[in-house]
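Undergrad: Sharing a sequence plus its predicted fold:
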Amino acid sequence: MLRIPDTSTIDPATARSWHDAGKAVLLDVREAHEYQLEHAPGSLLYPLSYLEPSDYPRALRGRVVLICQEGKRSLAAGRELLQSGVSDLYSMDGGIDAWLKAGLPIEGTKHDPEDYAI
């Protein structure tokens with residue numbers, strides 16, 4: 001039986017450090033409405049529900065950090081991608097929730113300074 005390796009996990013501070021240094025791409029695997037509400041600055045959206053390993057953007061060469069809400073979907077996405085031969089993947093432990101708890105910058109409509117409520 002072929003064993004699929006597990007996706008390595010990293011903490012939000014490491015993910016941000018790698019991204020800021022140009023050493024990793026942040027790939028958010030949540031749904032579009034979740035991403036719109038809040039996401040890590042500079043992250044790209046590729047929802048798990050649309051994930052097709054054969055269509056994985058090969059332009060994303062090098063280190064890729066997968067992000068979701070709590071860390072479960074990013075691990076699932078990582079397993080699918082690893083099984084199809086994509087490598088150098090990391091799951092951000094704790095997802096965007098951990099990113100927020102770490103006090104890292106965030107973007108999205110949930111954090112807009114303007115209140116458009118009537």
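TA: Yes, it's here.
Undergrad: Would you map the helices across the protein?
TA: 12-20, 32-37, 72-83, 95-101 (DSSP state H).
Undergrad: tell me which strands and helices the first one is in contact with?
TA: To tie it back to what came earlier, the one meant is helix 12-20. strand 25-28, strand 64-67, strand 89-92, helix 95-101 (3 or more C-beta pairs under 8 Å, 6 or more residues apart in numbering; DSSP states H and E). For every residue, glycine as well, the C-beta is placed using N, CA and C.
Undergrad: of the helices of the chain, which approaches residue 54 most closely?
TA: helix 72-83 (10.6 Å; C-beta to C-beta).
Undergrad: Show the pLDDT at residue 53.
TA: We have a pLDDT of 81 for residue 53.
Undergrad: how about it, what does it touch?
TA: 80, 81, 83, 84, 85, 86 (C-beta atoms under 8 Å, 6 or more residues apart in numbering).
Undergrad: So for it, what's the nearest residue that isn't a sequence neighbour?
TA: Closest residue in space to residue 53, ignoring its immediate chain neighbours: residue 84 at 3.3 Å, by C-beta to C-beta, 6 or more residues apart in numbering.
Undergrad: one step back: can you put the helices of the chain in CSV and add mean neighbour count, mean pLDDT and distance to residue 110?
TA: Formatted as CSV, the helices of the chain follow (neighbours: other C-beta atoms under 10 Å; pLDDT from 0 to 100; distance: least, C-beta to C-beta, whole Å):
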stretch, mean neighbour count, mean pLDDT, distance to residue 110
helix 12-20, 18, 97, 17
helix 32-37, 15, 95, 4
helix 72-83, 19, 91, 19
helix 95-101, 19, 97, 10
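Undergrad: any chance of the ones you listed in TSV, with distance to residue 57 too?
TA: Shown next, in TSV, are the helices of the chain (distance: least, C-beta to C-beta, whole Å):
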stretch	distance to residue 57
helix 12-20	17
helix 32-37	16
helix 72-83	11
helix 95-101	21
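Undergrad: What about the nearest residue to residue 86 once chain neighbours are set aside, how many residues nearby?
TA: With sequence-adjacent residues excluded and distances taken as C-beta to C-beta, 6+ apart, residue 86 is closest to residue 56, at 5.8 Å. Other residues within reach of residue 56, judged by other C-beta atoms under 10 Å, total 18.
Undergrad: Right, I'll leave it there.
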